[in-house]
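[1] sequence and predicted structure below; questions after.
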Amino acid sequence: MAGKWSALVELMRPKNLVLAAITVPLGAHFGIIGEWSSSHAFAVGVQILTVMTFMGAGNAMNDIKDATIDAVAHPSRPLPSGRVSVLEAKRFVVLLWIISFLSMAFGAWWLYQGNLAWWPLIAIYLVAVALMLTYDLGPETKAKGLVGNVAISLMVAAVIGYGASTVGCVSALVGWVALVVFFTNLARELIKDCQDMLADEGERETFPMKVGLEKARMSAYVMVMAGLVCLYIPYWQGPFTLNQLVYQTPAILVLITLNGPMFKGEDAVVGTRIRGAMLLGLLGFILTLML
């Protein structure tokens, strides 16, 4: 039985869930401008469970859908290896969805009881559900290139907004941080499609296939610059000051020096640097709030 549950948990891809466990409190931190209380911590803890089970359900659904492909490409995964049956996996997905929905509903009720804004929590959750279901199921935006890139980037950025909504504090700052995450993640998705163009042939119709590698890389760089603008605005318009922009220096330097590797077609290098810049940017915001 322990082995069965271990295999079911593996379907959730626990390593990927760590980011969710970090991003939810991060969004809350930006929403409350770093002013934590025990009630905030409780609310965020509940919604970490919501997001982890939500993402786990999505990952498990993806494995169910790709079970035939994984039998060749990833035979050691739980479904192809026979450690979990498709029926067991589907039941596990239902359980995860139930836990996710109930914990979200509890969070909305908690906000309502505290006379805090409860509807953003529900709205962001429902939008994320719609994005996830249309990504892997009908109309399968995953296979539609740019539309799928935008969908996955919206889901990643939504976690920041969801984290802030758990404490009823969705603010302009949260919106700008979410846009930084959206644009940088979209740039990374485009670069990943450039890197995987040959492997994706026949499976997906990606943006680089439609416009060519050069134009796709240029588009990715435009997204990087858009992310850079969004990074700058909270220091220009508030709540921060221009002097505090110094904390974003590492992220800015990484972003503005991407044009060289992009021009050379070093997609793997660019993808890694964009992810690093995103993390540095989030760290920069945290330092701005703390110092």
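    On my side now, so go ahead.
[2] so where do the helices sit in the stretch 1-150 of the chain?
    Applying DSSP state H, counting those that start in this stretch to the stretch 1-150 of the chain gives helices spanning 2-11, 14-31, 38-65, 67-73, 86-113, 119-136, 146-165.
[3] export these to a markdown table and tack on distance to Met209?
    Backbone N, C-alpha and C define where each C-beta goes, glycine included. Shown next, in a markdown table, are the helices of the stretch 1-150 of the chain (distance: least, CB to CB, whole Å):
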| stretch | distance to Met209 |
| --- | --- |
| helix 2-11 | 30 |
| helix 14-31 | 26 |
| helix 38-65 | 22 |
| helix 67-73 | 19 |
| helix 86-113 | 31 |
| helix 119-136 | 19 |
| helix 146-165 | 10 |
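[4] closest to Leu291 out of those helices?
    Proximity to Leu291 (CB to CB) singles out helix 14-31 among these, at 13.9 Å.
[5] quick one on the thing from earlier: and Glu201, which of the helices of the stretch 1-150 of the chain is closest to it?
    Set against Glu201 and scored by CB to CB, those come closest in helix 67-73, at 14.9 Å.
[6] run a quick neighbour tally on Leu11.
    Using other CB atoms under 10 Å, Leu11 has 25 neighbouring residues.
[7] begin at 772, not 1, for the rest of this chat.
    Okay, using 772 as the starting number, the last item reads as Leu782.
[8] if we can go back for a sec, mean neighbour count, the helices of the stretch 772-921 of the chain: which tops it?
    helix 917-936 (a mean of 23; mean count of other CB atoms under 10 Å).
[9] quick check: mean pLDDT of that helix?
    Summarised as a single mean, pLDDT over helix 917-936 is 93.
[10] immediately after that helix, which helix or strand?
    Of the helices and strands lying after helix 917-936 in sequence (DSSP states H and E), the nearest is helix 943-966.
[11] how about that following helix: buried residues?
    By neighbour count on 16 or more other CB atoms under 10 Å, the buried set for helix 943-966 is 944-966.
[12] run the angle between that helix and helix 785-802 for me.
    Relative orientation of helix 943-966 and helix 785-802, computed by axes from the mean of the first three to the mean of the last three CA atoms, to 10 degrees: 150 degrees.
[13] so what secondary structure elements neighbour helix 943-966?
    Here helix 943-966 touches helix 785-802, helix 917-936, helix 978-982, helix 984-1008, helix 1038-1061, going by 3 or more CB pairs under 8 Å, 6 or more residues apart in numbering; DSSP states H and E.
[14] one more pass at 10 Å, please.
    helix 785-802, helix 917-936, helix 978-982, helix 984-1008, helix 1020-1027, helix 1030-1035, helix 1038-1061 (3 or more CB pairs under 10 Å, 6 or more residues apart in numbering; DSSP states H and E).
[15] wait, Ile895 sits on Trp889?
    No - if you go by CB atoms under 10 Å, Ile895 and Trp889 don't touch, sitting 11.5 Å apart.
[16] touching both of those two, which residues are there?
    With contacts defined as CB atoms under 10 Å, 6 or more residues apart in numbering, the residues shared by Ile895 and Trp889 are Ser936.
[17] in contact with the nearest residue in space to Glu972 that is not next to it in sequence, which residues?
    Leaving out its chain neighbours, the residue that sits closest to Glu972 by CB to CB, 6 or more residues apart in numbering is Met980, at 7.5 Å. Going by CB under 10 Å, 6+ apart, Met980 touches Gly916, Asp964, Cys965, Met968, Asp971, Glu972, Ala987.
[18] good, wrapping up.
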